[in-house]
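J.: Any chance you can model this:
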Amino acid sequence: MAERIVTSKDVELWSEDFGDPADPALLLVAGGNLTALSWPTEFVERLAAGGLHVIRYDHWGVGRSTGWDPAERPYGYLQLAADAVAVLDGWQIERAHFVGMSMGAVLCQLVALDHPQRMLSMSMMLSGALDVDFPGNIRRAFAKEPSVDGLPLPQERFLEALAVMNEDVDGPEAEVDRRVRRWKLFSGDAVPFGEADFRRWEQQAIDHSGSLGEPQSHYAVQPPPRERAPELRDVRVPAQVIQAGEDPIAPPPHGRHLADLIPGAELVEIEGMGHALPVSVHGPLADAVLRHVLRHG
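T.: Presented below is the predicted three-dimensional model:
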């Protein structure tokens, strides 16, 4: 395992790898405002043990990567997608399998549109299609308004988690408690949560970033270009969509909608999984990713 700082324009991105560099590469693309460590090391090591050279990295403005106020210097999803490609450049990797979570799944869609030659395959989880107005859907959920696209709005459990995320707490222990309560709401009760695991992972994320407060910069970046969603019908990158059965942000059938936009995309549902990666879902999740990678490697 090695760490590496790679550059994307004038941004420095922290990254690290697992496994044998001679194996096929797999790039993990994290969710918004989350460090690379949001991919639990135990899960990353499962993928590497399956014969992959796995790389995880901190997005712009998160963890150990540099950034700035997007209100002063605009930065958006297209640049974040270009950052993922820059990570491959920094590791001298021509093509890789991509796995994106939440915001990272949207970034995978943009890479497939603009840099398909860099992708061997992509797996997208805990997210929806490029054409879904998630910020608007969150507002509609709070206002108790109906959906405008026929897809379900974020659930009450997610709205409760947003309230927890906005709590003011005092001290390191209270901050870890707050983060764990947020993840518990995201995860739900259908699969074992593993509070001790999340407590350990959040402490690692705090130590990694050197800051007690969570990043907020991605809330202010330029939104994804939703008008480009029809281009997904021309994507030829082998795609897999992993639908978490109890995802409170993008519940079923968001995964089906995304899979239907990409020719030949496979849909896999993990029953009981929420918008989180507890140890209880690592096995089926890694199995799904490895099956897809081996099929298209």
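
J.: Show me what M101 is bridged to.
T.: Beta-bridge pairing for M101 (DSSP bridges): M125.

J.: now swap in I242 and tell me
T.: Under the criterion used here (DSSP bridges), I242 is bridged to M125, V268.

J.: Thought G255 was touching it, still the case?
T.: Yes: the pair I242 / G255 is scored as a contact, 7.1 Å apart, by Cβ atoms under 8 Å. All C-beta atoms are positioned from the backbone trio N, CA, C, and that covers glycine.

J.: anything in contact with each of the two?
T.: E269 (Cβ atoms under 8 Å, 6 or more residues apart in numbering).

J.: Show me the helices in this structure, by range?
T.: 41-49, 77-90, 103-114, 134-143, 156-165, 172-187, 195-209, 254-261, 279-295 (DSSP state H).

J.: Turn these into JSON lines, columns for mean pLDDT, mean neighbour count and distance to G150.
T.: JSON lines is the format used below for those (pLDDT from 0 to 100; neighbours: other Cβ atoms under 10 Å; distance: least, Cβ to Cβ, whole Å):
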{"stretch": "helix 41-49", "mean pLDDT": "98", "mean neighbour count": "18", "distance to G150": "33"}
{"stretch": "helix 77-90", "mean pLDDT": "97", "mean neighbour count": "21", "distance to G150": "24"}
{"stretch": "helix 103-114", "mean pLDDT": "98", "mean neighbour count": "25", "distance to G150": "19"}
{"stretch": "helix 134-143", "mean pLDDT": "95", "mean neighbour count": "15", "distance to G150": "12"}
{"stretch": "helix 156-165", "mean pLDDT": "96", "mean neighbour count": "16", "distance to G150": "19"}
{"stretch": "helix 172-187", "mean pLDDT": "97", "mean neighbour count": "19", "distance to G150": "24"}
{"stretch": "helix 195-209", "mean pLDDT": "97", "mean neighbour count": "17", "distance to G150": "34"}
{"stretch": "helix 254-261", "mean pLDDT": "98", "mean neighbour count": "21", "distance to G150": "9"}
{"stretch": "helix 279-295", "mean pLDDT": "97", "mean neighbour count": "18", "distance to G150": "26"}
